[in-house]
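Chemist: Could you work out the structure for the sequence below:
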Amino acid sequence: MLNVQSGMEIYHFSVGSRDETEIIRKKLIAVKNEFKEKETQTKTVQATTVIIEEGKKDSPAEILKKRLARGEITKEEFHDKIQRT
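Modeler: Predicted coordinates:
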């Protein structure tokens, strides 16, 4: 694990020699790459199991009740159709 320094420490350190600045640059790139790698790993999800449930089928009377509740048919139409089923 790399040792991460604060921005102020890096600024003061980079004022030093060219070799010291190069070391800091390499450390920063390594930390950035490590962060990107961890971020990519945590976002990957693989589905291994798929669950399919069959839907409940409503009876004709239940369908008519729902249509009546939504206002798609009138009470008279509801009673006429219920008598036919």
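
Chemist: Which stretches in the protein count as strands?
Modeler: Read by DSSP state E, the chain holds no strands at all.

Chemist: packing partners for the longest helix anywhere in the chain?
Modeler: Ordering each helix of the chain by length in residues (DSSP state H) puts helix 18-43 first. Applying 3 or more Cβ pairs under 8 Å, 6 or more residues apart in numbering; DSSP states H and E, one finds that helix 18-43 contacts helix 7-14. The way it works is simple: take the backbone N, C-alpha and C, and place the C-beta from them, glycine included.

Chemist: where does this protein dip in pLDDT?
Modeler: Counting by pLDDT under 70, the chain has low-confidence residues at 1-16, 40-45.

Chemist: neighbours around residue 64, how many?
Modeler: 19 (other Cβ atoms under 10 Å).

Chemist: how far is stretch 58-65 from where the chain is centred?
Modeler: Distance of stretch 58-65 from its chain centroid, counting by Cα atoms, centre = their mean, to the nearest Å, is 37 Å.

Chemist: who touches that stretch?
Modeler: With contacts defined as Cβ atoms under 8 Å, 6 or more residues apart in numbering, stretch 58-65 is touched by 66, 73, 78, 81-82, 85.

Chemist: I'd like to know which of those are part of helices.
Modeler: Among the contacts of stretch 58-65, the residues falling in helices (DSSP H) are 66, 78, 81-82.

Chemist: which of the residues you listed count as buried?
Modeler: Neighbour-count burial within those applies to 78, 81; the criterion is 16 or more other Cβ atoms under 10 Å.

Chemist: Nearest to residue 57, out of the ones in helices among the contacts of stretch 58-65: which one, please.
Modeler: Closest to residue 57 out of the ones in helices among the contacts of stretch 58-65 is residue 66 (13.0 Å), distances taken as Cβ to Cβ.
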